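Chemist: My questions concern the predicted model and sequence given below.
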Amino acid sequence: MHAPTPSLFCRVPGHFHIEARSDHHNLNPVLSNLSHVVNHLSFGKSLLKNEQKRVDAIPEAYFSPAARSPLDDREYVNTGLHQAFHHFLKVVSTTIEFGATHTKRSAKDVVTYQLTEASQLMEFAEDEVPDARFSYDISPMAVGIVRKTKKWYEFLTSVCALIGGTFTVMGIFSGFLGTIFKAKQI
C-alpha cells in the first residue's frame, strides 16, 4: 500500500484507518479483532531499478533503506478483546543528489521519504468500534544528501599537503629535540 505522496507545499498531518464495518452484517464491536500484518507501507513513488541501485550504494550511516518503510512485513497481534494498534509515523523528505551542481539539479537526483514510527496498543470503550489507525505527520524539515567526488588533481594536492605537513612537523620536532639535547651537553 502506498500512502499519498506529500507535495512540496502540503505539510498537513493526516491519517487513515481500518475498521470492521458492514452495511449487510451486524458486527459486535466488543469481539472485533484488528490484528494485522503490514506487508508494505511507504510514501512517495516507487524507485526505479537504476535509482534503487544508486540509493543502495549509499553507506547506511547516511541513508538507511529500511527507513523508507519501517513497518514492512511486521505483525501486530491483539492479545485481548476490544483493542487495536495505532501507528504514528513521522515523514521526512529526503533528496539524494547525484552529480548536482550548486545552480541546478541533475536528472539523476532521487527524491524519497524516510519514516520513523511508533506503535501503541489502544484499549477501546465497549460501545466504540476499534480501528487500526495510521497517523502521519509531514516534517517541515528535509534531509539533503549530496555525493561529491574529488578530481584527481584535488586528491593529489591533498596527498602532497599531507606529506608536506608531516615533513614540516617532524622537522620542527627534530629541531626542538636538538635544541634541548645541545643545552644539556653544555
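Modeler: Cool, the structure landed. It should be emphasised that the depicted structure is a prediction, and the values quoted were computed from it without experimental measurement. Numbering: from 1, shown residues only.
Chemist: From now on I want contacts and neighbour counts done on CA atoms only, so please keep to that.
Modeler: Fine.
Chemist: Of all residues in the chain, which one is nearest the centre?
Modeler: For the chain, the residue nearest the mean C-alpha position is Q114 (3.5 Å; Cα atoms, centre = their mean).
Chemist: my guess is that one is in a helix, correct?
Modeler: No - if the criterion is DSSP: H, G, I helix; E, B strand; the rest coil, then Q114 is strand and not within a helix.
Chemist: And for I138, the neighbour number?
Modeler: Counted with other Cα atoms under 10 Å, the neighbours of I138 add up to 20.
Chemist: Not counting sequence-adjacent ones, nearest residue to it?
Modeler: For I138, ignoring the flanking residues on the chain, the nearest one in space by Cα to Cα, 6 or more residues apart in numbering is V91 at 4.8 Å.
Chemist: can you pull the alpha-carbon coordinates of the helix or strand encompassing that neighbour into PDB?
Modeler: Following DSSP states H and E, one finds V91 within strand 83-98. Output of strand 83-98 as PDB, limited to C-alpha atoms (Å, rounded to 0.1, in the frame of the first residue of the first chain):
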ATOM      1  CA  GLN A  83      -8.000  -3.500  21.300                       C
ATOM      2  CA  ALA A  84      -6.300  -2.100  18.200                       C
ATOM      3  CA  PHE A  85      -2.900  -0.800  17.300                       C
ATOM      4  CA  HIS A  86      -2.400   2.800  16.400                       C
ATOM      5  CA  HIS A  87       0.700   3.700  14.400                       C
ATOM      6  CA  PHE A  88       2.300   7.100  14.500                       C
ATOM      7  CA  LEU A  89       4.600   8.000  11.500                       C
ATOM      8  CA  LYS A  90       6.900  11.000  11.100                       C
ATOM      9  CA  VAL A  91       7.600  11.500   7.400                       C
ATOM     10  CA  VAL A  92      10.800  13.300   6.300                       C
ATOM     11  CA  SER A  93      11.500  14.300   2.700                       C
ATOM     12  CA  THR A  94      15.000  13.200   1.600                       C
ATOM     13  CA  THR A  95      16.700  14.400  -1.600                       C
ATOM     14  CA  ILE A  96      19.700  12.400  -2.700                       C
ATOM     15  CA  GLU A  97      21.800  14.400  -5.200                       C
ATOM     16  CA  PHE A  98      24.000  12.500  -7.600                       C
END
